[in-house]
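Peer 1: with the sequence up front, the predicted model follows.
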Amino acid sequence: MKRILIIDEDNYDAKNIENLLSDAGYKTYVAENGLDGFEIAKRYLPDLILCSIQMKGLNGTKIIFDLINFEQTSTIPIICLTQNTNVKELRKLMNTGADDFIDKPFANDDLLLSVKMRLKKNDVLKNKFQQFSADRFEEEEKEPEYNDHILVKIGNRLNFIKFSEIICLTALKEYSKINLENGKKIVVRKSLKKWNSVLPEDTFLQIHRATIINMDFIEEAKKISERSYQVKMKCMNDTFILSKRFANKLRKKFSVS
């Protein structure tokens, strides 16, 4: 699955682009400012970057310059998201290192086509390079696996949280609360539906609409009625009730009758 980083301080635009690309089968990362975008790019090395130019602080032109001049991100193709940009400014962007640009507002099909063609062209370049240095390229081409943690924003800082440290997550409308092994509780703007798409299926279980638990932290699980079960979590005083509908996975792991 191709990975695309979206850097845009306009939350509405960023969300629409994220949904569009996710529906098209791409894995997405979103940063709401240039500093976060640069950090995510260095960490995850996406296959493509969509970067808004009109941003406060570290604007798009400066981000592109930094990405192009950082060795690990220097070959990642960049599509600029522009708005009311004149020819002189566009030429400056291309000279800085941008690969393409698309004006806001844009049609969804135009953006998808631009993304598809840029990724395809990059794959062709990679394949040509592979012909000359197959052994070295094979080693470099291996995608880094980051299956043991997730990146969340706490205040103005990005933090990496290991899945193994999460006891459970509870829904707070469009937000969710992360309960960690060390006793900390973190509220983030991420729904349980989004969490389910990134959490390891063999470890995490949604026990009802408002709660996901890490089964590795279950201290005790017992049947309390014909249609419900109770689980007690390590490092927490809380117990959770789950219905028979969600219990199959739990029974397999803990042999609950």
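Peer 2: Yep, that arrived.
Peer 1: now the longest helix anywhere in the chain: mean pLDDT?
Peer 2: Longest helix in the chain by number of residues (criterion: DSSP state H): helix 108-132. For helix 108-132, mean pLDDT rounds to 85.
Peer 1: can you list the buried residues in that helix?
Peer 2: 111, 112, 114, 115, 118, 119, 122 (16 or more other Cβ atoms under 10 Å). In this view, the C-beta of every residue, glycine as well, is placed from N, C-alpha and C.
Peer 1: can you put the residues you listed in CSV and add distance to residue 88?
Peer 2: Listed next are these as CSV, based on distance: Cβ to Cβ, whole Å:
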residue, distance to residue 88
111, 24
112, 29
114, 22
115, 26
118, 23
119, 29
122, 27
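Peer 1: re the thing from before, now the longest helix of the chain, how far from the centre of its chain.
Peer 2: Computed by Cα atoms, centre = their mean, to the nearest Å, the chain-centroid distance of helix 108-132 equals 21 Å.
Peer 1: can you list contacts of that helix?
Peer 2: Outside helix 108-132, the residues that touch it by Cβ atoms under 8 Å, 6 or more residues apart in numbering are 2, 4, 17, 20-21, 24, 26, 47-48, 50, 77, 79, 99-100, 102, 137-138, 141.
Peer 1: switch to 10 Å and redo it
Peer 2: Here helix 108-132 makes contact (Cβ atoms under 10 Å, 6 or more residues apart in numbering) with 2, 4, 16-17, 19-21, 23-24, 26, 47-50, 75-79, 81, 99-104, 106-107, 136-138, 140-141.
Peer 1: show me what contacts residue 153?
Peer 2: Residue 153 neighbours (Cβ under 10 Å, 6+ apart): 30, 31, 32, 36, 159, 186, 188, 189, 190.
Peer 1: what comes up buried for the helix or strand that contains it?
Peer 2: For residue 153, the host element (DSSP states H and E) is strand 149-154. Within strand 149-154, the residues scored as buried using 16+ other Cβ under 10 Å are 150, 151, 152, 153.
Peer 1: state the pLDDT value of the residue nearest to residue 77 when sequence neighbours are not counted.
Peer 2: Excluding the flanking residues, the one nearest residue 77 by Cβ to Cβ, 6 or more residues apart in numbering is residue 99, at 4.4 Å. With respect to pLDDT, residue 99 scores 88.
Peer 1: check residue 154 too.
Peer 2: 68.
Peer 1: same check on the one 3 residues further on?
Peer 2: Among the per-residue scores, residue 157 shows a pLDDT of 69.
Peer 1: same thing with residue 50?
Peer 2: 97.
Peer 1: now, of the contacts of helix 108-132, which are buried?
Peer 2: Applying 16+ other Cβ under 10 Å to the contacts of helix 108-132, the neighbour count classes 2, 4, 16-17, 20-21, 26, 47-50, 76-79, 81, 99-102, 104, 106 as buried.
Peer 1: for the residue nearest the centre of the chain, list each beta-bridge partner.
Peer 2: Geometric centre of the chain, nearest residue: residue 29, 3.9 Å, by Cα atoms, centre = their mean. Legend: beta-bridge partners of residue 29 under DSSP bridges are residue 5.
Peer 1: now the helices for the stretch 101-250 of the chain?
Peer 2: Per DSSP state H, counting those that start in this stretch, the stretch 101-250 of the chain carries helices over the ranges 108-132, 134-141, 192-198, 248-254.
Peer 1: pull up the gap between the nearest residue to residue 171 once chain neighbours are set aside and residue 84, please.
Peer 2: Leaving aside its chain neighbours, residue 171 sits nearest to residue 210 (4.2 Å; criterion: Cβ to Cβ, 6+ apart). Look at residue 210 and residue 84: by Cβ to Cβ, to the nearest Å, they are 44 Å apart.
Peer 1: now do the same for the closest residue to residue 48 other than its chain neighbours: its pLDDT.
Peer 2: Nearest non-adjacent residue to residue 48, counting by Cβ to Cβ, 6+ apart: residue 4, 4.8 Å away. We have a pLDDT of 97 for residue 4.
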